[in-house]
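Novice: no FASTA, just this:
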């Protein structure tokens, strides 16, 4: 898996050149995000954070986008780590890529809605948050 995010790069598995679309596109020498992903991917997944808009996931054969959850932002410190924690939570619970994005976005949203970086929700709070947004995201 390759994760691309706005903040400094952190290696999770294979490669993580930290970036958003504006930094990612020059790596592939193109102005089209889907074309860039196709050029740079072989068998990996790319997860690209779009700041406040949401998160995209690209695989060799498919892609999806999940919007951010609407929350009042108190502090963005730790948002990237919180997203990663939620995404990995989805992976270890055998969720599909879209659901992993939803978990990542949910954990990040819960994190940024409180001051400080240590606002990672427990499973009960996470599931309650997702349930309250079920009609918006179609989560399992």
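Specialist: Here it is on my side, so go on. In this text, all values refer to a predicted model and were calculated from it rather than measured experimentally.

Novice: residues contacting the residue nearest to residue 82 when sequence neighbours are not counted?
Specialist: Take residue 82 and drop its neighbours on the chain: the residue closest to it by Cβ to Cβ, 6 or more residues apart in numbering is residue 111, 3.6 Å away. C-beta coordinates here come from the backbone N, C-alpha and C atoms, glycine included. For residue 111, the contacting residues are 78, 79, 82, 117, 119, 120, 121, by Cβ atoms under 8 Å, 6 or more residues apart in numbering.

Novice: Residue 111: what secondary structure?
Specialist: Assigned with DSSP: H, G, I helix; E, B strand; the rest coil, residue 111 falls in the helix class.

Novice: Averaged pLDDT, the helix or strand hosting residue 84. What do you get?
Specialist: Secondary structure assignment for residue 84, by DSSP states H and E: helix 79-92. Taken as a whole, helix 79-92 has an average pLDDT of 88.

Novice: From the contact counts, what lies against it?
Specialist: For helix 79-92, the elements it packs on are strand 46-49, helix 97-112, judged by 3 or more Cβ pairs under 8 Å, 6 or more residues apart in numbering; DSSP states H and E.

Novice: If you count neighbours, what's buried in it?
Specialist: Along helix 79-92, the positions that meet the burial threshold by neighbour count (16 or more other Cβ atoms under 10 Å) are 79-91.

Novice: Could you single out the nearest of those residues to residue 26?
Specialist: Distance to residue 26 across the buried residues of helix 79-92 (Cβ to Cβ) is lowest for residue 80, with 20.9 Å.

Novice: low pLDDT regions in this structure?
Specialist: Regions of the chain meeting the criterion pLDDT under 70 cover residues 1-24, 27, 40-44, 135-140.

Novice: and residue 121, which of the three is it?
Specialist: Reduced to three states with three-state DSSP, the structure at residue 121 is coil.

Novice: And residue 37, by the same measure?
Specialist: Remark: residue 37 carries the secondary structure label helix [criterion: three-state DSSP].

Novice: And the contacts of stretch 69-78?
Specialist: With contacts defined as Cβ under 8 Å, 6+ apart, stretch 69-78 is touched by 105-106, 109-120, 129, 133, 136-137.
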